[in-house]
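Visitor: got a structure for you, letters missing:
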């Protein structure tokens, strides 16, 4: 039995679908189990168990881990990440789980520190100290995160960042999920640390060019200074400061540490990673132009920021 923590996340949802297709016994956890049941549909409900659990509730985790031998661990990043995940690792070991597949982050870089990467580094240390077999997946930028640019692309034909022309590794979360499924079902793959990328590096200006061609209208990328981007994410994007700081840090890292694609996905899955071009084609409707609602304060703020 495989327990899935993070089943409603982007990677977790794709993993649930993959395990259903493979017919692998699994138990998906959520604080909103009914929502998860609706998400996986009738076919999924007959193929996979859904259970309530909360990362902050040890007793719920002990119940959820009963009878399981493997755990997929992919909590959303949060300031309590180290506390929760190290506790989960300890409880998993006490409950008889033998193998954990953890979603981590690219390795911590002293030359361009990213706080969240430091959190994951501490959790990886806890995994090593636990004595449990573990597989660590370190994916680079998710293609799905490009969707956060949709609000300003659909209303203003622009998106913002602070990466300049630096190319970035992008990977489709479905490929990460497929690698996780392989690690959970193929003992020859488990027990390693894998850095995951797509097959190409792409800069934000290049993404703007590709969206312009797809949408048949000009889309622009506007580069901001890191502190200006941070302020924009907090004031107009309504991000909590720690998350806004994380976005700025990972973009700064891309400008300092050269990113290069690797062949890990192809080696593990026997196929090429999904292409960014294909993802943008799939998602194109989310970037269609719409008129700004001038009665919406947030739209006015975004428009004013652009003109300022």
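Guide: Sure thing, it's come through. On a predicted model such as this, the values are computed, not experimentally measured, just so you know.

Visitor: what residues of the strand or helix carrying residue 243 count as buried?
Guide: In the assignment (DSSP states H and E), residue 243 maps to helix 241-256. Within helix 241-256, the residues that qualify as buried are 243, 244, 245, 246, 247, 248, 249, 250, 251, 252, 253, 254, counting by 16 or more other CB atoms under 10 Å. In short, each C-beta sits where N, CA and C put it, glycine included.

Visitor: ok, stretch 62-71 next?
Guide: Within stretch 62-71, the residues that count as buried by 16+ other CB under 10 Å are 64, 65, 68, 70, 71.

Visitor: show the pLDDT at the first one.
Guide: This means residue 64. Confidence per residue is given as pLDDT, and for residue 64 that number is 93.

Visitor: confirm that it sits in a strand.
Guide: No. Checked against DSSP: H, G, I helix; E, B strand; the rest coil, residue 64 lies outside a strand; its state is helix.

Visitor: from the buried residues of helix 241-256, which is closest to residue 202?
Guide: residue 254 (11.0 Å; CB to CB).

Visitor: distance to residue 264 added to the buried residues of stretch 62-71, as a markdown table?
Guide: Rendered in a markdown table, the data for the buried residues of stretch 62-71 read as follows (distance: CB to CB, whole Å):
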| residue | distance to residue 264 |
| --- | --- |
| 64 | 30 |
| 65 | 29 |
| 68 | 27 |
| 70 | 21 |
| 71 | 22 |
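
Visitor: follow-up on the earlier one: who's in contact with the helix or strand following the helix holding residue 243?
Guide: Once helix 241-256 ends, the next helix or strand along the chain (criterion: DSSP H and E) is helix 264-269. Counting contacts by CB atoms under 8 Å, 6 or more residues apart in numbering, the residues outside helix 264-269 that touch it are 171, 175, 178-179, 182, 189, 194-199, 271-273.

Visitor: for the next helix or strand after helix 264-269, buried residues please.
Guide: Past helix 264-269, further along toward the C-terminus, the next helix or strand under DSSP H and E is helix 276-283. Buried positions in helix 276-283, judged by neighbour count with 16+ other CB under 10 Å: 276, 279, 280, 283.

Visitor: now swap in stretch 253-270 and tell me
Guide: 253, 254, 259, 261, 262, 264, 265, 268.

Visitor: do stretch 171-184 as well
Guide: Judged by neighbour count using 16+ other CB under 10 Å, the buried positions of stretch 171-184 are 171-184.

Visitor: okay, those residues in CSV with pLDDT and secondary structure next?
Guide: Shown next, in CSV, are the buried residues of stretch 171-184 (pLDDT from 0 to 100; DSSP: H, G, I helix; E, B strand; the rest coil):
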residue, pLDDT, secondary structure
171, 96, strand
172, 96, coil
173, 96, helix
174, 96, helix
175, 96, helix
176, 97, helix
177, 96, helix
178, 97, helix
179, 97, helix
180, 97, helix
181, 96, helix
182, 96, helix
183, 96, helix
184, 96, helix
